[in-house]
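Chemist: 3D model of this:
(chains A and B)
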There are 2 protein chains.
Amino acid sequence: MGDPTANVRIDCLQYSAWSDDIFDEMARGGVDAVHVTIAYHETFREMVLRLEEWNRWFERRPDRIFLGRTGEDVRLAKSQGRTAIFFGFQNPSPIEDDLGLIEIVHTLGVRFMQLSYNNQSLLATGCYEADDPGITRFGDQAIAEMNRVGLVVDMSHSAERSTLEAIDRSARPIAITHANPAWWHPALRNKSDEVLRALTRSGGMLGFSLYPHHLLNGSDCSIDSFCQMVADAAQRYGADHLGLGSDLCQSQPDSIVEWMRNGRWTKQRDFGEGSATQPGFPPQPGWFGSNLDFGNIQKGLSAVGFDDAEVEGLMGGNWLRFFDDSFGPA
Amino acid sequence: MGDPTANVRIDCLQYSAWSDDIFDEMARGGVDAVHVTIAYHETFREMVLRLEEWNRWFERRPDRIFLGRTGEDVRLAKSQGRTAIFFGFQNPSPIEDDLGLIEIVHTLGVRFMQLSYNNQSLLATGCYEADDPGITRFGDQAIAEMNRVGLVVDMSHSAERSTLEAIDRSARPIAITHANPAWWHPALRNKSDEVLRALTRSGGMLGFSLYPHHLLNGSDCSIDSFCQMVADAAQRYGADHLGLGSDLCQSQPDSIVEWMRNGRWTKQRDFGEGSATQPGFPPQPGWFGSNLDFGNIQKGLSAVGFDDAEVEGLMGGNWLRFFDDSFGPA
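Modeler: Numbering: from 1, shown residues only, chains lettered A, B, ... in the order given. Next comes the predicted model:
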């Protein structure tokens, strides 16, 4: 191959109701790799049940998908017209209070772990808590162990101070796999300029989200507005540190977004980024509803002035370089 | 290398109180690979704690040991003067009632699983039960899944009918990693001629045990008697299907043999192969007490008339060929 990162298409966050149809769409849409969510609130043993479901998919559909463990697996997927599936946790609940589980889950293929979801975890603080006391004692140990084995620290749902501390304390670049800049759309889940500067300055990656609650004007966001935001971010942070993490939750019933938000931690109903009048998954914008729509974004990025090499990087090349550097021992 | 199985030394069963001293002895004794027991009665989650302990050893002593996953890892270990550690279960308790855990434990490095320990399991019958109804419904499914992923069926502690059925129903050769022929020493744990003929005729492997309860005259067994038994077995079954599985339990307190025998399944005290007057670990024969003593057996095998190629096979070459064929997808 020529440029080893050329022309790969990587989506660094999806949590869909997986099906033959979706895997077919990944192939038709030319998506070479997807980072899929394995756990929101699961214990270790419950998380393993989710891995078992993926193993059955890999057994049934080797023509379409396989477990991705390294950047090379993205190139292999592209060369074979398949999609490499990379595992990640949106919450550290599967490692329970046990540092040794970090290497175990890495051996099982997990490559990203958020140090918190929306609430306080044993490691860090989520963006919905009133106060953020920063990375915990266990969190410091976990970051070091994640660095050692090659499990990427993901701070997509974490609060400001915890995120800045994770960037600072991690010896290896970290990721925010799915969020947007707060200066474009000031949602609680979007990230401050300070966080994004620290993230990218340290070699970390931001994946832009296509989840309507993270978009300016929500489901009515225009592709031009989204792509112009990417262009503005590239001005501030450098195009090399940016990619996509669509947060696509295709074909999921609203019970899933309720599980994400409420897990087993409350008897009340938390609406998260939604509201009593909009409790469920919001409709996707017309220009991004499935794995068939990455071409729209690719064209939109060219239209706002990115050159071909920059577009290739944004569509997957930048994530691939990060995968190459991040998934093995330091 | 010349003969790809030449001159490796493999012990296909140990469960010692692991220590720096024992790993040093493995190196000084030229032991290239050891199959170590990970679980006797553990649940999945408890078994993972045992893997975590091994991960800490691998992190602390990369100069001495590493996790073996393939036959190639034995050759790597030999070329580097290290020892490849292969994981196995003496009981299927870690897969609970969940077929999907077979692929999960294989991914975590497990390469052998006994379908039962001494009691009835969910898969098969142990050699201490009064009756043996054979392989269970779940057992049939488990054998097929173990065949698919490359997890070796081990029937060391299982009863006669279950063992014969496992040999018959497994599409790939199976192993009895640590036992001796009952025609030499008629212990409950030793195997009938019928079992050993069926095992070896189907390409399976027998590892000879050095555990005193499996030896003629127990701790007083002579090395000549042991090696002559190996020669007689080679006459009956062919030397190519034979190796060593010492069952060495070095430096273990007697509480460990009580755990093996009693687990959590009884409030009474089961003495297993021992007795009220001999409840603990019996003393090893003087000629085999540690990883330093494989040379004694090697010399003893030559002394009873095996040629050099046969001795090489018995000391590890036969196991290596079996490892090469058994640890990956069919």
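
Chemist: pLDDT score for the residue lying closest to A:Asn190 once chain neighbours are set aside?
Modeler: Excluding its sequence neighbours, the residue lying closest to A:Asn190 (CB to CB, 6 or more residues apart in numbering or on different chains) is A:Ala182, at 4.2 Å. For every residue, glycine as well, the C-beta is placed using N, CA and C. We have a pLDDT of 98 for A:Ala182.

Chemist: Buried residues of the lengthiest helix in chain A, list them for me.
Modeler: Counting by DSSP state H, the longest helix found in chain A is helix A:44-60. For helix A:44-60, burial by neighbour count (16 or more other CB atoms under 10 Å in any protein chain shown) applies to A:Phe44, A:Arg45, A:Met47, A:Val48, A:Arg50, A:Leu51, A:Glu52, A:Trp54, A:Asn55, A:Trp57.

Chemist: what secondary structure does the closest residue to the first one other than its chain neighbours sit in?
Modeler: When you say that, I think you mean A:Phe44. Nearest non-adjacent residue to A:Phe44, counting by CB to CB, 6+ apart: A:Pro94, 5.0 Å away. What DSSP: H, G, I helix; E, B strand; the rest coil gives for A:Pro94 is helix.

Chemist: My read is that A:Pro94 contacts A:Thr43, right?
Modeler: Yes - assessed by CB atoms under 8 Å, A:Pro94 is found in contact with A:Thr43 at 6.7 Å.

Chemist: more crowded one of the two?
Modeler: It is A:Pro94, of A:Pro94 and A:Thr43, that has more neighbours when counted by other CB atoms under 10 Å in any protein chain shown, with 27 against 14.

Chemist: Local confidence estimate at the more buried one?
Modeler: For A:Pro94, the predicted pLDDT is 98.

Chemist: Same question for A:Pro4.
Modeler: Per-residue confidence (pLDDT) for A:Pro4: 59.

Chemist: One more: A:Met1?
Modeler: The score at A:Met1 is 39. That number is its pLDDT.

Chemist: again with A:Asp98
Modeler: 98.

Chemist: Can you name the helix or strand that it falls in?
Modeler: If you go by DSSP states H and E, A:Asp98 is not part of any helix or strand.

Chemist: Please work out how many residues are found near it.
Modeler: By other CB under 10 Å, the residues close to A:Asp98 number 15.

Chemist: before we move on, what about A:Val149?
Modeler: By the criterion of other CB under 10 Å, A:Val149 has 19 neighbours.

Chemist: what sits against it?
Modeler: Contacts for A:Val149 (CB atoms under 8 Å, 6 or more residues apart in numbering or on different chains) come out as A:Ile102, A:Glu103, A:His106, A:Pro329.

Chemist: Next, count neighbours for the closest residue to the first one other than its chain neighbours.
Modeler: Sequence neighbours aside, A:Glu145 is the residue nearest to A:Ile102 in space, at 4.5 Å (criterion: CB to CB, 6+ apart). Per other CB under 10 Å, the neighbour tally for A:Glu145 reads 17.

Chemist: need the contact list for A:Glu145.
Modeler: A:Glu145 sits next to A:Leu99, A:Ile102, A:Glu103, A:Leu151 when contact means CB under 8 Å, 6+ apart.

Chemist: Quickly note the distance from the first one to A:Ala175.
Modeler: Distance from A:Leu99 to A:Ala175, counting by CB to CB, to the nearest Å: 21 Å.

Chemist: Of the two, give the one with the bigger neighbour count.
Modeler: Shown here are A:Leu99 and A:Ala175; by other CB under 10 Å, A:Ala175 has more neighbours (28 against 16).

Chemist: For A:Asp154, see how far away that one is.
Modeler: 5 Å.

Chemist: Repeat that for A:Met113.
Modeler: From A:Met113 to A:Asp154 the distance is 6 Å (CB to CB).

Chemist: quick one: common contacting residues for these two?
Modeler: Common contacts of A:Met113 and A:Asp154 (CB under 8 Å, 6+ apart): A:Gly88.

Chemist: of these two, who's got more company?
Modeler: Between A:Met113 and A:Asp154, counting by other CB under 10 Å, A:Asp154 is the more crowded of the two (31 against 25).

Chemist: can you give me phi and psi for that one?
Modeler: With angles defined as degrees, to the nearest 10, A:Asp154 sits at phi -120, psi 130.

Chemist: can you pull the alpha-carbon coordinates of the helix or strand A:Glu165 falls within into CSV?
Modeler: Using DSSP H and E, A:Glu165 maps to helix A:160-169. Coordinates of each C-alpha in helix A:160-169 appear next as CSV, following Å, rounded to 0.1, in the frame of the first residue of the first chain:
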residue,chain,number,x,y,z
GLU,A,160,-14.2,19.3,33.0
ARG,A,161,-11.7,18.9,35.8
SER,A,162,-11.6,15.1,35.6
THR,A,163,-11.0,15.4,31.8
LEU,A,164,-8.2,17.9,32.2
GLU,A,165,-6.6,15.8,34.8
ALA,A,166,-6.9,12.6,32.7
ILE,A,167,-5.2,14.4,29.8
ASP,A,168,-2.4,15.5,32.1
ARG,A,169,-1.9,12.3,34.0
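
Chemist: If we go by neighbour counts, what in it is buried?
Modeler: By 16+ other CB under 10 Å, the buried positions in helix A:160-169 come out as A:Glu160, A:Arg161, A:Ser162, A:Thr163, A:Leu164, A:Glu165, A:Ala166, A:Ile167, A:Arg169.

Chemist: Tally up the residues packed near A:Gln252, please.
Modeler: When neighbours are defined as other CB under 10 Å, A:Gln252 has 16 of them.

Chemist: That one contacts A:Ser19, doesn't it?
Modeler: No - using CB under 8 Å, A:Gln252 is not in contact with A:Ser19, being 11.1 Å away.

Chemist: anything in contact with each of those two?
Modeler: By CB under 8 Å, 6+ apart, A:Gln252 and A:Ser19 have no common neighbours.

Chemist: pLDDT at A:Met47, what is it?
Modeler: On pLDDT, A:Met47 comes in at 98.

Chemist: and A:Ile22, what does it touch?
Modeler: Going by CB under 8 Å, 6+ apart, A:Ile22 touches A:Ser16, A:Gln250, A:Ser251, A:Ser290, A:Asn291.

Chemist: Narrow those residues to just the buried residues.
Modeler: Among those, the ones that count as buried by 16+ other CB under 10 Å are A:Ser16, A:Gln250, A:Ser290, A:Asn291.

Chemist: So the second one sits against A:Phe23, correct?
Modeler: Pointing back at A:Gln250 there. No - counting by CB under 8 Å, A:Gln250 does not reach A:Phe23; the two are 11.4 Å apart.

Chemist: shouldn't A:Leu314 be in contact with A:Leu301?
Modeler: Yes - using CB under 8 Å, A:Leu314 is in contact with A:Leu301, at 5.8 Å.

Chemist: Now the common contact residues for these two.
Modeler: What both A:Leu314 and A:Leu301 touch, as defined by CB under 8 Å, 6+ apart, is the set A:Val230.

Chemist: got the CA positions of stretch A:242-255 in CSV?
Modeler: The C-alpha trace of stretch A:242-255 is given here as CSV (Å, rounded to 0.1, in the frame of the first residue of the first chain):
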residue,chain,number,x,y,z
LEU,A,242,-9.9,15.2,14.5
GLY,A,243,-12.1,12.4,13.3
LEU,A,244,-15.7,11.1,13.5
GLY,A,245,-17.5,9.3,16.4
SER,A,246,-21.0,9.4,15.2
ASP,A,247,-22.8,8.1,18.4
LEU,A,248,-25.2,6.4,15.9
CYS,A,249,-27.8,4.3,17.8
GLN,A,250,-29.5,2.8,14.8
SER,A,251,-32.8,0.9,15.2
GLN,A,252,-32.7,1.0,19.0
PRO,A,253,-35.9,1.2,21.0
ASP,A,254,-36.2,4.1,23.5
SER,A,255,-35.8,1.6,26.3
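
Chemist: for the record, mean pLDDT for it?
Modeler: The average of the pLDDT scores along stretch A:242-255 is 95.

Chemist: what's the answer for stretch A:269-289, then?
Modeler: Stretch A:269-289 comes out with an average pLDDT of 92.

Chemist: for stretch A:113-128, same thing?
Modeler: Averaged over stretch A:113-128, pLDDT sits at 98.
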